[in-house]
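>>> I would like to see how this sequence folds:
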Amino acid sequence: MSIGVGGIRSSSIAFGADQLKSGRDNLNRDGILRSYFSWYYVSASLSAIISVTCIVYIQDKLGWRVGFGVPCMLMLLSAVLFFVASPFYVKLKAKESLLTGFAQVVAASYKNRHIELSSQATNEYYHYKKGAEFVKPTETLRFLNRACIIRNPQQDLGPEGRASDPWSICTIDQVEELKSLIKVIPLWSSGIMLCVTLGQSSIAVLQATTMDRHITPSFQIPAGSFNFFMIFTITIWITLYDRMIIPATSKIVGKPTYLGLKQRMGTGLIFSSASMASLAIIETIRRKRATEEGFSDDPQGVVKMSAMWLLAYHILSGLAEAFNVIG
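Just a heads-up that it's a prediction; the model follows:
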């Protein structure tokens, strides 16, 4: 199941974005992709709402076998639907391995480490493909530029202009791709802390089991269903932001107006910090109540404290994910 999820989660959202690239001009592509990513998470969130309500209820009432059997059948149905619709999909073929290209750039730049770099070098000084985006490498991370320097055209290049040894000389595009990866690592690493904070949701489930979860005298929310509030927050915020806030602000300003990606990611990190702070405060109060009521050595004891206090954590976590993850 982990292998399957690893394939689906890393590929499905990018595969969906590929469907929007074919046969379209690039004038409104950024706006289309922004909307797509938002509504992808809305649809995923709606599915998750069903899972933390209906599926959790089935597990509580009918047991784990049926509880796991229902998602298993749904996964089988999704696989069938995917292959039935396969003829209609846009399928971009991989031209070459990016990882191999990265390794070649590192190897070539190391082999050519003694070559002096010149900012006055002409285009003929570097190896590039015809029709490539770059005909000269950028000045950032300049030490990698050694990988695409032509030292001896007769030895380094073949008759068709290709590298005779791709581990000794690379194209400018390969170098720039590696630079792009290196430059995005700090931005990517900022999401590690968000994953840590959102990964604490199991603690909130344990907290909910020891708190009063009753809505009415005869009905109480299952502890595993409290994630509903986080997912519901994601869905509501994305809908409001995409359908109301952006159109309204754009109309007022007179041009397309929206939060930048870094602003969204930063706002999400602030909300994730606030969510953990709220969880810590609630846990401090809950533990104090448990001690006062004599449940210090009874993990099954239910304290006289409403589990609705946990909504602060779930709502803030939902906003954190809606801002950061989509950005």
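
>>> Count residues in the vicinity of residue 208, would you?
Burial of residue 208 is recorded as 22 neighbouring residues (other CB atoms under 10 Å). Just so you know, the C-beta spots here come from the backbone N, C-alpha and C atoms, and that holds for glycine as well.

>>> out of everything not next to it in sequence, what's closest to it?
In space, and not counting its chain neighbours, residue 208 is closest to residue 223: 4.0 Å by CB to CB, 6 or more residues apart in numbering.

>>> Please report the distance of the one you found from residue 205.
5 Å (CB to CB, to the nearest Å).

>>> Compare those two (neighbour count), which wins?
For residue 223 versus residue 205, the count of surrounding residues by other CB under 10 Å is larger for residue 223: 20 against 15.

>>> is it true that the residue nearest to residue 208 touches residue 203?
No. Assessed by CB atoms under 8 Å, residue 223 is found out of contact with residue 203, at 11.4 Å.

>>> now the helices for the stretch 1-150 of the chain?
Counting by DSSP state H, counting those that start in this stretch, the stretch 1-150 of the chain has these helices, from start to end: 2-19, 29-50, 56-62, 64-84, 98-111.

>>> can you tell which of these is closest to residue 263?
Closest approach to residue 263 among the helices of the stretch 1-150 of the chain (CB to CB): helix 29-50, 13.3 Å.

>>> centre of the chain versus that closest one, how much separation?
Taking CA atoms, centre = their mean, to the nearest Å, the mean C-alpha location of helix 29-50 is offset from the chain mean by 12 Å.

>>> Which elements pack onto it?
Judged by 3 or more CB pairs under 8 Å, 6 or more residues apart in numbering; DSSP states H and E, the packing partners of helix 29-50 are helix 2-19, helix 227-240.

>>> tell me the average confidence for the shortest one?
In other words, helix 227-240. Helix 227-240 shows a mean pLDDT of 87.

>>> between the helix or strand following it and helix 29-50, how many degrees?
Beyond helix 227-240 on the C-terminal side, the first helix or strand identified by DSSP states H and E is helix 246-253. Counting by axes from the mean of the first three to the mean of the last three CA atoms, to 10 degrees, helix 246-253 lies at 140 degrees to helix 29-50.

>>> What is helix 246-253 packed up against?
Counting contacts by 3+ CB pairs under 8 Å, 6+ apart, helix 246-253 is packed against no other helix or strand.

>>> Ok, which of the helices of the stretch 1-150 of the chain comes nearest residue 146?
Closest among the helices of the stretch 1-150 of the chain, using CB to CB: helix 98-111, at 4.7 Å.

>>> about what we covered before: ok, of the helices of the stretch 1-150 of the chain, where does mean pLDDT dip lowest?
When the helices of the stretch 1-150 of the chain are compared by mean pLDDT, helix 29-50 comes last with a mean of 82.

>>> how many degrees apart are it and helix 2-19 in direction?
Going by the same axes, to 10 degrees, helix 29-50 makes 140 degrees with helix 2-19.

>>> Run through who's touching helix 29-50.
Here helix 29-50 makes contact (CB atoms under 8 Å, 6 or more residues apart in numbering) with 13, 16-17, 20-21, 24, 227-228, 231-232, 234-235, 238-239, 241-242, 256, 258, 322, 325-326.

>>> ok, back up a step: make JSON lines out of the helices and strands packed on helix 29-50 and add distance to residue 40 and mean neighbour count.
Formatted as JSON lines, the helices and strands packed on helix 29-50 follow (distance: least, CB to CB, whole Å; neighbours: other CB atoms under 10 Å):
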{"stretch": "helix 2-19", "distance to residue 40": "6", "mean neighbour count": "12"}
{"stretch": "helix 227-240", "distance to residue 40": "10", "mean neighbour count": "20"}
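
>>> Kindly reformat these as TSV and extend each row with distance to residue 217.
Converted to TSV, those look like this (distance: least, CB to CB, whole Å):
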stretch	distance to residue 217
helix 2-19	40
helix 227-240	21
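
>>> Looking at these, which is nearest to residue 297?
helix 227-240 (28.8 Å).

>>> packing partners for that closest one?
Helices and strands touching helix 227-240, by 3+ CB pairs under 8 Å, 6+ apart, are helix 29-50, helix 201-209, helix 311-324.

>>> How far does that helix sit from its chain's centre?
With CA atoms, centre = their mean as the basis, helix 227-240 stands 17 Å off its chain's centre.

>>> That one vs helix 311-324, what angle?
In terms of direction (the same axes, to 10 degrees), helix 227-240 departs from helix 311-324 by 40 degrees.

>>> Residue 146 contacts residue 112, doesn't it?
Yes. At 4.0 Å, residue 146 counts as touching residue 112 under the criterion of CB under 8 Å.

>>> what about those two, which has more around it?
residue 146 (23 against 18).

>>> quick one: contacts for residue 294?
Residues near residue 294 by CB under 8 Å, 6+ apart: residue 301.

>>> Low-confidence stretches in the stretch 101-250 of the chain?
Residues of the stretch 101-250 of the chain that meet the criterion pLDDT under 70 lie in 119-124, 131-132.

>>> go again using 90 as the cut-off
Along the stretch 101-250 of the chain, the model assigns pLDDT under 90 to residues 101, 112-140, 142, 148-166, 168-173, 184, 186-206, 215-228, 230-232, 234-250.
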